[in-house]
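> Output the structure for:
(6 chains)
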Number of protein chains: 6
Amino acid sequence: MQTKILKAKTLIEALPYIQQFSGQTIVIKYGGSLMTNEELKPSFAQDIALLTCIGITPIVVHGGGKEISKWMNKVGKESRFVDGLRVTDSETMELTEMVLSGKINSEIVAHINHAGAKAVGLSGKDANLFQARKLDSTSDLGWVGTIDMVDANLLTTLCRQGYVPVISSVAPGQHAGETYNLNADHVAEAIARGTAALKLIYLTDVDGLLINQKLVHRLTLDAAEALLSHPDVQGGMKPKLASAISTVRGGVGSVHMINGGIQHAVLLEIFTDTGIGTMITLDTGEVR
Amino acid sequence: MQTKILKAKTLIEALPYIQQFSGQTIVIKYGGSLMTNEELKPSFAQDIALLTCIGITPIVVHGGGKEISKWMNKVGKESRFVDGLRVTDSETMELTEMVLSGKINSEIVAHINHAGAKAVGLSGKDANLFQARKLDSTSDLGWVGTIDMVDANLLTTLCRQGYVPVISSVAPGQHAGETYNLNADHVAEAIARGTAALKLIYLTDVDGLLINQKLVHRLTLDAAEALLSHPDVQGGMKPKLASAISTVRGGVGSVHMINGGIQHAVLLEIFTDTGIGTMITLDTGEVR
Amino acid sequence: MQTKILKAKTLIEALPYIQQFSGQTIVIKYGGSLMTNEELKPSFAQDIALLTCIGITPIVVHGGGKEISKWMNKVGKESRFVDGLRVTDSETMELTEMVLSGKINSEIVAHINHAGAKAVGLSGKDANLFQARKLDSTSDLGWVGTIDMVDANLLTTLCRQGYVPVISSVAPGQHAGETYNLNADHVAEAIARGTAALKLIYLTDVDGLLINQKLVHRLTLDAAEALLSHPDVQGGMKPKLASAISTVRGGVGSVHMINGGIQHAVLLEIFTDTGIGTMITLDTGEVR
Amino acid sequence: MQTKILKAKTLIEALPYIQQFSGQTIVIKYGGSLMTNEELKPSFAQDIALLTCIGITPIVVHGGGKEISKWMNKVGKESRFVDGLRVTDSETMELTEMVLSGKINSEIVAHINHAGAKAVGLSGKDANLFQARKLDSTSDLGWVGTIDMVDANLLTTLCRQGYVPVISSVAPGQHAGETYNLNADHVAEAIARGTAALKLIYLTDVDGLLINQKLVHRLTLDAAEALLSHPDVQGGMKPKLASAISTVRGGVGSVHMINGGIQHAVLLEIFTDTGIGTMITLDTGEVR
Amino acid sequence: MQTKILKAKTLIEALPYIQQFSGQTIVIKYGGSLMTNEELKPSFAQDIALLTCIGITPIVVHGGGKEISKWMNKVGKESRFVDGLRVTDSETMELTEMVLSGKINSEIVAHINHAGAKAVGLSGKDANLFQARKLDSTSDLGWVGTIDMVDANLLTTLCRQGYVPVISSVAPGQHAGETYNLNADHVAEAIARGTAALKLIYLTDVDGLLINQKLVHRLTLDAAEALLSHPDVQGGMKPKLASAISTVRGGVGSVHMINGGIQHAVLLEIFTDTGIGTMITLDTGEVR
Amino acid sequence: MQTKILKAKTLIEALPYIQQFSGQTIVIKYGGSLMTNEELKPSFAQDIALLTCIGITPIVVHGGGKEISKWMNKVGKESRFVDGLRVTDSETMELTEMVLSGKINSEIVAHINHAGAKAVGLSGKDANLFQARKLDSTSDLGWVGTIDMVDANLLTTLCRQGYVPVISSVAPGQHAGETYNLNADHVAEAIARGTAALKLIYLTDVDGLLINQKLVHRLTLDAAEALLSHPDVQGGMKPKLASAISTVRGGVGSVHMINGGIQHAVLLEIFTDTGIGTMITLDTGEVR
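This next block holds a predicted model:
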């Protein structure tokens, strides 16, 4: 009986968070170990299903670089990168869309549905959810795009009826027949802004922002800006931190960077006091 | 981190129950130790608040015999009982209503609101929620009544907006100025039928139905009926079991008798596999 | 036939008022002779029922000082007052709430329902309708409070469905377990402001404001302010007039002080040209 | 003050009727002295306005034989009748529609609007509210029609928004360009059935049904049928009574025949116990 | 088959216009040859029916001077004009209303209904859709009025349900019993402003604005103003152009003057690139 | 001008069909030349966009066998068929889903959006729109499935907001991780039944049903059944005709088999009197 009561207390511990976040939108950038670790996928799907049960509106965004490379290989085509961006000719774009929208997306959708929620797979093409234009670049990267416009009406329609949108980072251009490959982090940010989300959570391969080998759990905008020039903030972390700052400035309540390789990472970050990763937010009063 | 993950898993364990019970009404007869144990009251209130967060509609019904006796004493009036029923002259009825609607009810309401939900205290008088007539009896018991009619419209209005009705067992009669004292178990049953509730849970002073000193966790209607003539079913348990049987026949999904003295008794009964008390239900397929 | 036609003409006389007030909220502070005169109670209830039929939204607010004193007596406790305010220790507060919410409130509710409307009894505790904090005072008055916050959502929900809220002047504090006793006039004023009422009507023991022994029927804000220093405005009338002025400034269309001892006082004040008491309003153009 | 209180009591007397009829539709066949007595017109309009204020949905239907004859004269055309029916050639039909829809109808509409309600003038042509076919007859009566079909959707749309439909007895035929002149009593009956009205009230030139020189106030269907062969039931009264019987059989709550020449005839019939005319209803339990 | 495909392409050509105008209101002043040419009437009605099918909300406004004169003759009354305005004594007004509301209006309604839409005939009297006051004039013109106020609520109610309002240029005055005869062009303009229409289309007897014997298809506000002093803009065209300019300034998207004598004139003007008449609009970017 | 008027008449010719089909659902099985002819794709998209403009709800269903074979080739995998059904091992299924949901589906969606409508790409996985189980077969065909269940809620949500669902013939199984390849004709039929569609249109490679070398334009159920044994009905046409018969029996208004290679085939079939293909319907009265 005592074990049972402890379990009940765990449910009750989550109560203040549930009450605070109910009715809000949380955008989750799917990524990191989730892409490859088959055990983590159902646990992530359960987290999403639980969020919908307690009145939170989750929206999932994903890319899928490694899987694209694997399929490039299969059809005997070489992957080529410039400054970390995949050079995307028409054939590559065709395959990219097939992998993102026809494989990774549908797999995430199926997992979430299996956990008892109702997911709907989308890309920027669906009802022109978002549109892209060619990325400015010194070298021609082909169909690599940047977001031009978000029209969140379809998301509103679906979320109001309790569906969970799962969005791949592919978008139409302005002209007929154009398809662009986008950076999924940017798509997640644009969706979070376009839906005035309470939280944007990046599931990554690292635990969060490490300063002097210690995980930083919570950062106000001021503190975050000061850290931009810190020697420990380098590589991919620097643009990520900068983007988190501008996202919070743009009206999203908080941006979280957490390790997607931890089981139930999303629940842990949302429903515990310190969370498990790094949270950037307007001020210190903000609840996690 | 491992402790945190275990907590997350506890939330996930509740997921199938949440998904199954979401959108349903659960009527809870408040009683037993809750009436006197100040520590249990906030824990009960949290259970109710959690239910509302996950889309369940709880309705609380209560009586309050002991407190009435205490106040009879205070004003120097003797309590008199016939066959366990309080003989209720006009002065007693006046005090009974003051205790039930003006003290116990408002205390439960305040506790639930403090837990973050929005409770609204009611009696049968509010919008004529339920009406009573004089109980047939060999000796004149005064204003002791029996339920005549339930009009659940007010409950529908409140529950749809997320309010938690807390109902005292006092009702108007057909004529102006009449007030009746009702058996709170009967009120709970009538409300459960009138709202087509999924569950009716009695919080009592015992663990449930004990047969051969073992707690019976689950009973189908057939098994329950067979037990009516069992020597271990006696005293107050016999009419309680009979009423549970007829309640389930009347369309309520299941009737539960549990020990209100256990912390978080409501959550434990609803969100664990075996529950903590006795559940009478139509057939064995029914989820707890 | 001629008598019948005269009756029809009386109905028609009310037509312009009905057309003007339809869809509006009128807050009525129940008090004066109504508290003790059993004959007036059903007539008051009929007035309320009629208002609901013609599309007006009435909200009733009440206190009940004399009845509290009577019950203090019954339990052998002395009433003590400082500057006209009841010193309210915990035991007194307990009894006060029982009398206000469990007796007077439920009696008004029953009368209105008997007249064919659907009343619902409330206090500040229900869905935290209003909250209080301790009244600043030189001597410690115990649980005497002042209004801190009104959350009219529950009233909106109920009124939209045609229910008549009847509100007792008891409120929760900020901390668990706190209950405060409030001045019912102040509660009525706060509710009138919080619902942007068209009218706030005080039912009192006097005919209204008497200047040079003549009843003043109508006062603009300017005239009302000038009268504040008039020698005939004294005792309880001075703060009442001052509060009426600030209530109208706060957006309530008009404040009325009428004699609750006159049968159908509410209808007479609302549906006749001069009314029966004193009306304070923004300017002279205002219809009664 | 005593006069005022008596007036308030008159309002209260109407309360049970208002409560009973609220939300119901009452179809009123405009006719009798109202057509010519300029003083009665505003009083009739006030009755209609009052009904709308108390939640009743009035629908007015009218014909206008005498006015048509007057205009036939003006344009130098002779009125010709066969069995009391106007022989209606195309020119007569053109004028008939102008008089009914362009003169009488618009006058009633203006009066009701002046009383503060919102009337909308209609004929069968508007949204094909009702359609007609040629009346079977031994002699050719031209464009004299009988009702074929009622489509009450437009009425529902208007009534839900609080508008009062005023309907002239003109209807389109099945083919383009056809217009028929209808018996307004029949139109009123068809509209009452088509809207499942609670009451159908004929305003006529007589006080109601007189048997042995005494006005019959209330008739059940059985009694009404027995009277069909009574020697005092003759002339126009016989078909009127027969039609009333079949109308009540068809689901309309009651049919009333009253003297439109009495001021506020509609209110008097609806809001007094005996009424002023004859009411045919299913059984004696029915409230007037 | 080739003919069929050409037809399909015609439908597709209209697609961009349909997509752009869907959900918008278009006010059409009925007039010109339509009044007398029986062949054009059904074709006009089909145009209106088609507009409703593709999500456009048409509102038709009409006058009817010639028909009034014809009926004046019939009843032996002479028509008298001052500055082109009919001197309207009470008898003339009575006849005017009969002709406009009881004849022309009902004929247009019948035609539109025959084409499969649902038209409802109205005048300013219906729900006080618009009100008039006496036109200022040096000589007394009797009941010639000018628009004072538009209350478009009735139009909103009807249009939302898919009904097509057909409005005659007759209006009530402020006092009981007053009826005014209005200029139908002005009524159309007031309705277009009051409904924030996308387009106001005048069906006239000429092709549009001719400058140097060439039809001007499209005019921006600036160009239109410059033309006001052009020698080719004279007679009735000058005030028409001035009113079109102020209408567009008042928020209506565009004003069109087209020849109502061309079959399907409305469709041709709306759904072809150059249109068939003259369009005055804010700037050149505007789609026809 | 004459050409313009002819165009307007073409629009008007479509009016009766538009009026009849407005508010109805039409399911279109995309296929035939459309799959490969780049010129036809935009013309098909325009047809769909036009349907949405005139109040019709189109739903598009597609498969894509040839494209799958092409990609099997690209990754060096041989296509194997048994009785015309593709043997579908896990790798084949993975590629099949990528081609159908990630390539063909997204291409159709983009074309429709470019024509100005709002298409949303779906498969059976989205919100479990439809579920499959393994097809019974003598030889093991792997992941070839048959439809088990349709849950049209997502379609209702999308269509009500004006979105056009485009559905690929891929479905989840009952267990986690299962994906089935379905016959798109069967999916279209199941969707048509599940949405109670007015019409189900198959776009194929032939003109329709040819009997004695003549195209049959219209078939009642009786005639269709008689033809099942006709020597000209053979090959794929026999099961197609049988399925059309059972579809109409199942409540779909009509089934059409038309040549998708004709420009604007959908519009031509729906909006012309004889249509361009074969229509099977309940009886002869049915409008095309």
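> Just give me the longest helix of chain A.
helix A:2-21 (DSSP state H).
> helix or strand right after that one?
Scanning forward in sequence from helix A:2-21 by DSSP states H and E, the next helix or strand is strand A:25-30.
> Dump the helix or strand following that following strand to PDB, keeping only the CA atoms.
Going down the chain from strand A:25-30, the next helix or strand is helix A:40-53, by DSSP H and E. The C-alpha trace of helix A:40-53 is given here as PDB (Å, rounded to 0.1, in the frame of the first residue of the first chain):
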ATOM      1  CA  LEU A  40      13.300   5.600 -26.700                       C
ATOM      2  CA  LYS A  41      10.700   6.100 -29.400                       C
ATOM      3  CA  PRO A  42       7.700   4.600 -27.600                       C
ATOM      4  CA  SER A  43       8.700   6.400 -24.400                       C
ATOM      5  CA  PHE A  44       8.800   9.700 -26.300                       C
ATOM      6  CA  ALA A  45       5.400   8.900 -27.800                       C
ATOM      7  CA  GLN A  46       3.900   8.200 -24.300                       C
ATOM      8  CA  ASP A  47       5.200  11.600 -23.100                       C
ATOM      9  CA  ILE A  48       3.400  13.200 -26.000                       C
ATOM     10  CA  ALA A  49       0.200  11.200 -25.300                       C
ATOM     11  CA  LEU A  50       0.300  12.200 -21.600                       C
ATOM     12  CA  LEU A  51       0.700  15.900 -22.500                       C
ATOM     13  CA  THR A  52      -2.500  15.800 -24.600                       C
ATOM     14  CA  CYS A  53      -4.400  14.100 -21.700                       C
END
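> So which other helices or strands are in contact with the longest helix of chain A?
helix A:265-271, helix B:2-21, helix B:40-53, helix B:265-271 (3 or more Cβ pairs under 8 Å, 6 or more residues apart in numbering or on different chains; DSSP states H and E). The C-beta positions use only the backbone N, C-alpha and C, and glycine is treated the same way.
> Between strand B:25-30 and the third one, find me the angle.
Going back to what we said before, that points to helix B:40-53. 170 degrees (axes from the mean of the first three to the mean of the last three Cα atoms, to 10 degrees).
> Residues in contact with helix B:40-53: which ones?
Residues outside helix B:40-53 that contact it (Cβ atoms under 8 Å, 6 or more residues apart in numbering or on different chains): A:8, A:11-12, A:15, A:18-19, A:22, A:54-55, B:26, B:28, B:30, B:33-34, B:57-58, B:60, B:107-108, B:111-112, B:114-117, B:119, B:162, B:164, B:203, B:260-261, B:263-267, B:270, C:176.
> returning to that earlier point: now the longest helix of chain A: buried residues?
Across helix A:2-21, burial judged by 16 or more other Cβ atoms under 10 Å in any protein chain shown covers A:4-5, A:7-19, A:21.
> any idea which of the residues you listed is closest to chain C?
residue A:19 (13.8 Å; Cβ to the nearest Cβ).
> For the nearest residue to that closest one once chain neighbours are set aside, grab the count of nearby residues.
Nearest in space to residue A:19, with sequence neighbours left out and distances taken as Cβ to Cβ, 6 or more residues apart in numbering or on different chains, is residue B:116 at 4.8 Å. For residue B:116, the neighbour count with other Cβ atoms under 10 Å in any protein chain shown is 18.
> C-alpha coordinates for the longest helix of chain A, CSV please?
This file holds the C-alpha atoms of helix A:2-21, laid out as CSV (Å, rounded to 0.1, in the frame of the first residue of the first chain):
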residue,chain,number,x,y,z
GLN,A,2,2.9,2.4,0.9
THR,A,3,4.3,2.0,-2.6
LYS,A,4,0.9,2.8,-4.1
ILE,A,5,0.6,5.9,-2.0
LEU,A,6,4.1,7.0,-3.1
LYS,A,7,2.9,6.7,-6.7
ALA,A,8,-0.2,8.7,-6.0
LYS,A,9,2.1,11.4,-4.5
THR,A,10,4.1,11.5,-7.6
LEU,A,11,1.0,12.2,-9.6
ILE,A,12,0.1,15.0,-7.1
GLU,A,13,3.6,16.5,-7.4
ALA,A,14,2.9,17.1,-11.1
LEU,A,15,-0.4,18.9,-10.3
PRO,A,16,0.9,22.5,-10.1
TYR,A,17,2.8,22.1,-13.4
ILE,A,18,-0.3,20.6,-15.1
GLN,A,19,-2.5,23.4,-13.8
GLN,A,20,0.0,26.0,-15.0
PHE,A,21,0.7,24.6,-18.4
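> Alright, I will stop here.
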